[in-house]
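In: pasting the sequence and the predicted coordinates here, then a few questions.
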Amino acid sequence: MATQDNATNDIEQPVGLELRGGALAFGDRAVFNNLDLDIPAGQTTCLLGPSGVGKSSLLRLIAGISPEATARRLLASDGRPIAGRIAYMDQRDLLLPWLSVMGNVTLGARLRNEVPDRHQAEALLQRVGLEGEADAMPAALSGGMRQRAALARTLMEDRAIVLMDEPFSAVDALTRLRLQDLAAELLAGRTILLITHDPLEALRLGHRILVLRGDPATLSPVLEPGGQPPRPADDPALHGQAAGILRDLAG
């Protein structure tokens, strides 16, 4: 049984992902075609791009839940199947309103007909600052608390690969910074693909940054900011880089 100290760190060795020939089309319009993407093991890759360029569809393709996008090949770097090794966090918290915080955090285990590890769930709730809220219903929580509950649910899945689709977009700026710091701490060592519309968020959290843009969309060269995430939000160098990313998005 996991303890409070190791509840979020007792995972398999980091594993990377390799996608080849990704394709998404609506009617005669190819949103992206023959797209290749490499996600290094144990790092956070941030993906930006304008709305409608296929970012969320690409994430769902990797998660195995896309009804519209396809790939010629999708492999883990160790050659093993990726099914069952991915946790997915949507931009909406997706808490079920009829379940308590504890019920939502342990939902995955219950859906798999497993006995939830309540000790691990309580440890995660403490780490995300929701100790004492296990029996609370989602309607009683603030937006930031709901997002922290969703983060705890994602961590409860204890997967080496974590896909996050604008996970902090629904909260105020200060809460967003705090959740970014918290996610960087609790997800350290995992392989993460994070979609965001915020260049500064990408620069704070990403080891690698990619921009998906164009018609059909293609990926930009990789940007690798210096230093280790989470980087200071008030770093002037980050703001200068963010302006450059915005120009790339606008171009």
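Out: Noted; the coordinates are in hand. None of the values given here were measured: they were computed from a predicted structure. Residues are numbered from 1 along each chain as shown.

In: contacts, neighbours, all on C-alpha from now
Out: Noted.

In: just the residues contacting whatever helix or strand residue 202 lives in, thanks.
Out: Here residue 202, judged by DSSP states H and E, is contained in helix 199-205. Identification of contacts with helix 199-205 by Cα atoms under 8 Å, 6 or more residues apart in numbering yields 44, 46-48, 180, 184, 196, 209, 225, 229-233, 238-239, 241-243, 245-246.

In: and those residues, which are buried?
Out: Buried members of the contacts of helix 199-205, counted by 16 or more other Cα atoms under 10 Å: 44, 46-48, 180, 184, 196, 209, 225, 229-232, 238, 241-242, 245-246.

In: among those residues, which are located in strands?
Out: Taking DSSP state E as the definition of strands, the buried ones among the contacts of helix 199-205 contribute 44, 46, 47, 48, 209.

In: now do the contacts for the last one.
Out: Spelled out, that is residue 209. 45, 46, 47, 48, 202, 203, 222, 223, 224.

In: and residue 33, how many neighbours?
Out: Number of residues near residue 33 (other Cα atoms under 10 Å) recorded here: 18.

In: what sits against residue 44?
Out: With Cα under 8 Å, 6+ apart, residue 44 has these contacts: 190, 191, 192, 193, 194, 205, 206, 207, 208.

In: between the residues you listed, which is closest to residue 129?
Out: The closest of those to residue 129 turns out to be residue 205 (Cα to Cα; 20.3 Å).

In: and the gap between the closest one and residue 95?
Out: 25 Å (Cα to Cα, to the nearest Å).

In: same deal with residue 40?
Out: In terms of Cα to Cα, residue 40 sits 30 Å off from residue 95.

In: more crowded one of residue 205 and residue 95?
Out: It is residue 205, of residue 205 and residue 95, that has more neighbours when counted by other Cα under 10 Å, with 24 against 21.

In: do you know the pLDDT at that one?
Out: For residue 205, the pLDDT comes out at 97.

In: okay, and the residue sitting nearest the centre point of the chain sits in which element?
Out: The structure's the chain has its C-alpha centroid closest to residue 164; by Cα atoms, centre = their mean the separation is 1.9 Å. Per DSSP H and E: residue 164 is located in strand 161-165.

In: sheet partners, orientation included, of that strand?
Out: The strands beside strand 161-165 in its sheet (DSSP bridges) come out as strand 86-89 (parallel), strand 191-195 (parallel).

In: what's the separation between residue 51 and residue 196?
Out: Taken as Cα to Cα, the span from residue 51 to residue 196 is 11 Å.

In: next: residue 84.
Out: For residue 84, the distance to residue 196 - Cα to Cα - is 24 Å.

In: once you drop chain neighbours, what's closest to residue 77?
Out: residue 16 (4.9 Å; Cα to Cα, 6 or more residues apart in numbering).

In: and the one you found, how many neighbours?
Out: 21.

In: and if you look at residue 104?
Out: By other Cα under 10 Å, the residues close to residue 104 number 22.

In: ok, residues contacting the helix or strand harbouring it?
Out: Using DSSP H and E, residue 104 maps to helix 101-105. For helix 101-105, the external contacting residues (Cα under 8 Å, 6+ apart) are 95-96, 121-122, 133-138, 149-150, 152-154, 156.

In: tell me the mean pLDDT for it?
Out: Here the average pLDDT along helix 101-105 is 97.

In: show me how far it is from its chain's centre.
Out: Per Cα atoms, centre = their mean, to the nearest Å, the displacement of helix 101-105 from the mean C-alpha position of its chain is 19 Å.

In: next one: stretch 55-72
Out: 14 Å.

In: give the buried residues for whichever helix or strand comes after the helix holding residue 104.
Out: Next in sequence after helix 101-105, counting helices and strands by DSSP H and E, comes helix 107-111. For helix 107-111, a neighbour-count test (16+ other Cα under 10 Å) marks 107, 108 as buried.
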